[in-house]
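Visitor: can't give you the sequence, but here's the structure:
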């Protein structure tokens, strides 16, 4: 099952979703309305190889909690992602067993290509 984890209130997520092929067969998961579970995060971790890869260092909470001046472990990244949706780098796509993380142009192009198959 192909899935997108996103934030409905995020302009960047909305813009990316709008640019996707129309018949994309994605299951949409708004992480604010429906927080990710530990099992879902574990699936992402298995595909990404680390929790840090899934962690957003752009999040306002990251700055306000002064996390950038702390040495965070993989367990810390996991804990923070599960505690608050803002720590998940968005959007996260899982398409045909591959994970695509974030909103950079190269990632968006890879997602579009994967969905056009």
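Guide: Received the coordinates, thanks. Treat the numbers as computed from the prediction; the structure is a model and nothing was measured. Residues are numbered from 1 along each chain as shown.
Visitor: contacting residues for residue 43?
Guide: Residues near residue 43 by C-beta atoms under 8 Å, 6 or more residues apart in numbering: residue 94. The C-beta positions use only the backbone N, C-alpha and C, and glycine is treated the same way.
Visitor: and the one 4 residues further on, by the same measure?
Guide: Taking C-beta under 8 Å, 6+ apart as the criterion, residue 47 is in contact with 94, 97-99.
Visitor: and for residue 27?
Guide: 1-4.
Visitor: switch the cut-off to 10 Å
Guide: By C-beta atoms under 10 Å, 6 or more residues apart in numbering, residue 27 lies in contact with 1-5, 94.
Visitor: JSON lines please, covering those residues and showing distance to residue 79.
Guide: JSON lines is the format used below for those (distance: C-beta to C-beta, whole Å):
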{"residue": "1", "distance to residue 79": "27"}
{"residue": "2", "distance to residue 79": "28"}
{"residue": "3", "distance to residue 79": "23"}
{"residue": "4", "distance to residue 79": "24"}
{"residue": "5", "distance to residue 79": "18"}
{"residue": "94", "distance to residue 79": "22"}
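Visitor: hmm, residue 99 is touching residue 46, no?
Guide: Yes - with contacts counted by C-beta atoms under 10 Å, residue 99 reaches residue 46, the gap being 8.8 Å.
Visitor: okay, the two: which has more neighbours?
Guide: residue 99 (18 against 9; other C-beta atoms under 10 Å).
Visitor: what comes up buried for the helix or strand containing residue 43?
Guide: Here residue 43, judged by DSSP states H and E, is contained in helix 38-48. Residues of helix 38-48 classed as buried: 40-41, 44-45, 47-48 (neighbour count, 16 or more other C-beta atoms under 10 Å).
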